[in-house]
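Q: my questions concern the predicted model and sequence given below.
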Amino acid sequence: MKICCIGAGYVGGPTMAVIALKCPEIEVVVVDIAAPRINAWNSDHLPIYEPGLDDVVKQCRGKNLFFSTDVEKHVAEADIVFVSVNTPTKTQGLGAGKAADLTYWESAARMIADVSKSDKIVVEKSTVPVKTAEAIERILTHNRKGINFNILSNPEFLAEGTAIVDLFNPDRVLIGGRETPEGQKAIKTLKDVYAHWVSDDRILCTNLWSAELSKLAANAFLAQRISSVNAMSALCEATGADVSQVSHSIGTDSRIGPKFLNASVGFGGSCFQKDILNLVYICECNGLPEVANYWKQVIKVNDYQKTRFVNRVVSSMFNTVSGKKIAILGFAFKKDTGDTRETPAIDVCKGLLGDKAKLSIYDPQVTEEQITRDLSMKKFDWDHPAHLQPSSPTTNNKQVSVVWDAYEAIKDAHGICILTEWDEFKKLDYQKVYESMQKPAFVFDGRNVVDANKLREIGFIVYSIGKPLDS
Ligand code: NAD
């Protein structure tokens, strides 16, 4: 059997590497139109940072795992074609600001239809709007020359930072297909691939639309949980309650459960906002404005949390950060990844730059190039898609420096903002940190990673999300 995956990104690369590792008899080829990305997959410096990934790739690359830009050849030869291309939010035209942009998906589907000479199972790995399979089927069947295509939905539930662990031991693998004999046969073929390492009770088979919608629903529920606890964090700060104690208290209720209840500066990543916006758009298109409004609120609370954090920094520092050096510790949207897509750090940094702060940014996995690009990009206003919000107009090169050491970032700073929960930020020598800073020295912990009381003993003024404030 030969598998080809179109799209060598955060999902295509790791998922296919794990399939190759677990199924040595299957040839797996990951293809992409982006030559630099493919070159990186074929080098010692993989294009994405993910714990454990290097090891998996090294074990099977060149044996049964290959990376190539020869998209058409490998698609033509494959029995199963996964499509794992990007599906970002549309930025213009109908549905701009909410709907998924399926340009990449459509062009992949047209190419599959054009180059195929044998029957294929085509698997939706990308997150797509519910009913996308119907459109894809139309493209494929319209172009076919006596070739059978079976479409399956097999959304990916891995989380960046723990992708390899998640892929090795998934909570579930979801496969949706047509309820016809051919559809069921295709489901069985894909199920047999996963059965190499996933137990039968964890492979869920549904109809196509349930599988497509389940991915959007899962991300919406996860993001909603973060916005719920973040909304509580604001109330905690207003009342003297402690969000960690509240989270623990509610998390012991078995109906709620303890996971994903950490308050923070907000969620980020390429998926949560995009997938909720997509859900909102689908609700609106199906005449369900109240349901759409319900999900919209999850994003509004997330935006509010970032604004609240910036306001807290500025108001704590005597109502201005103009000319003050602020160390930004962490820029990735979460620890153990170098991914900065939709990271809350972008909005926080822009907010501080808007008040003329000088930022010294350190993240162990994010490059200066990424940070410069992210901070210069105009923010897309999903609520008013006709408007691009200007990036901070006052930003200039002297306002931002990117450094490769936390202590270097902190030296002479008036305040520290912790925006990613990297373990190393817990282990800094805070006595040494305090001595190197301007006084009074502020710490704004956007991930609740430091021991605020210990830092207060040293002399810091500490703000932790959702915790009683420094007196
Ligand atoms: P990505 O941007 O990292 O990778 C997508 C790749 O597809 C890019 O390298 C791009 O060059 C390539 N591509 C686009 N069109 C192509 C074409 N016609 N032919 C060949 N290659 C093409 O995206 P990603 O983060 O891997 O996400 C892919 C999909 O998976 C998205 O729909 C996303 O929502 C979903 N998803 C992402 C995650 C995550 O954690 N990143 C988790 C689950 C699901």
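A: The structure has been received and is ready for your questions. Quantities reported herein were computed from a predicted structural model and do not represent experimental measurements.
Q: alpha carbons only for contacts and neighbour counts from here, please
A: OK.
Q: tell me which residue in the stretch 101-250 of the chain sits closest to the ligand.
A: S126 (3.5 Å; C-alpha to the nearest ligand atom).
Q: how about the nearest residue to that residue, chain neighbours excluded?
A: With C-alpha to C-alpha, 6 or more residues apart in numbering as the criterion, S126 has its nearest non-adjacent residue at 4.5 Å, and that residue is S84.
Q: swap in I33?
A: Leaving out its chain neighbours, the residue that sits closest to I33 by C-alpha to C-alpha, 6+ apart is T69, at 5.7 Å.
Q: correct me if wrong: the one you found contacts A35.
A: Yes: in this structure T69 lies within contact range of A35 using C-alpha atoms under 8 Å: 6.2 Å.
Q: tell me which of the two has more neighbours.
A: For T69 versus A35, neighbours defined as other C-alpha atoms under 10 Å are more numerous around T69 (20 against 13).
Q: check contacts around that one.
A: 31-35, 38 (C-alpha atoms under 8 Å, 6 or more residues apart in numbering).
Q: keeping just the C-alphas, turn the helix or strand hosting Y407 into CSV.
A: Assessed by DSSP states H and E, Y407 sits inside helix 406-410. The C-alpha atoms that make up helix 406-410 are tabulated as CSV, following Å, rounded to 0.1, in the frame of the first residue of the first chain:
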residue,chain,number,x,y,z
ALA,A,406,16.1,35.4,29.4
TYR,A,407,18.5,37.2,31.7
GLU,A,408,19.6,39.4,28.8
ALA,A,409,15.9,40.3,28.1
ILE,A,410,15.3,41.2,31.7
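Q: which residues are contacting the helix or strand following that helix?
A: Elements were assigned by DSSP H and E; along the chain past helix 406-410, the next helix or strand is strand 415-418. Residues from elsewhere that reach strand 415-418, judged by C-alpha under 8 Å, 6+ apart: 325-330, 410, 425, 437, 441-447.
Q: which of these are buried?
A: With burial judged by 16 or more other C-alpha atoms under 10 Å, the buried subset of those is 325-330, 410, 425, 437, 441-447.
Q: hang on, C23 packs against V198?
A: No: using C-alpha under 8 Å, C23 makes no contact with V198, being 11.7 Å away.
Q: give me the nearest residue to V314, chain neighbours excluded.
A: Distances taken as C-alpha to C-alpha, 6+ apart place T320 nearest to V314, at 5.3 Å, with adjacent residues excluded.
Q: so how far is E156 from that neighbour?
A: From T320 over to E156 the distance is 44 Å, taken as C-alpha to C-alpha, to the nearest Å.
Q: the more surrounded of those two?
A: Each of T320 and E156 has its neighbours counted (other C-alpha under 10 Å); E156 has more, 20 against 16.
Q: could I get the phi/psi values of the residue of the chain most remote from its centre?
A: Computed with C-alpha atoms, centre = their mean, the maximum C-alpha offset from the centroid of the chain is found at G146, amounting to 39.6 Å. Note on G146: backbone dihedrals following degrees, to the nearest 10 are phi 70, psi 20.
Q: thinking again about what came up before, which one of C23 and V198 has more residues nearby?
A: Shown here are C23 and V198; by other C-alpha under 10 Å, V198 has more neighbours (20 against 17).
Q: for whichever residue of the stretch 251-400 of the chain sits closest to the ligand, which non-adjacent residue is spatially closest?
A: Distances between the stretch 251-400 of the chain and the ligand by C-alpha to the nearest ligand atom are smallest at C271, namely 5.3 Å. Spatial nearest neighbour of C271, excluding adjacent residues (C-alpha to C-alpha, 6+ apart): N219 at 7.5 Å.
Q: avg pLDDT for the host helix or strand of that neighbour?
A: N219 belongs to helix 208-239 when assigned by DSSP H and E. The average pLDDT within helix 208-239 is 98.
Q: in which helix or strand would I find C5?
A: Short version, using DSSP H and E: C5 is in strand 2-6.
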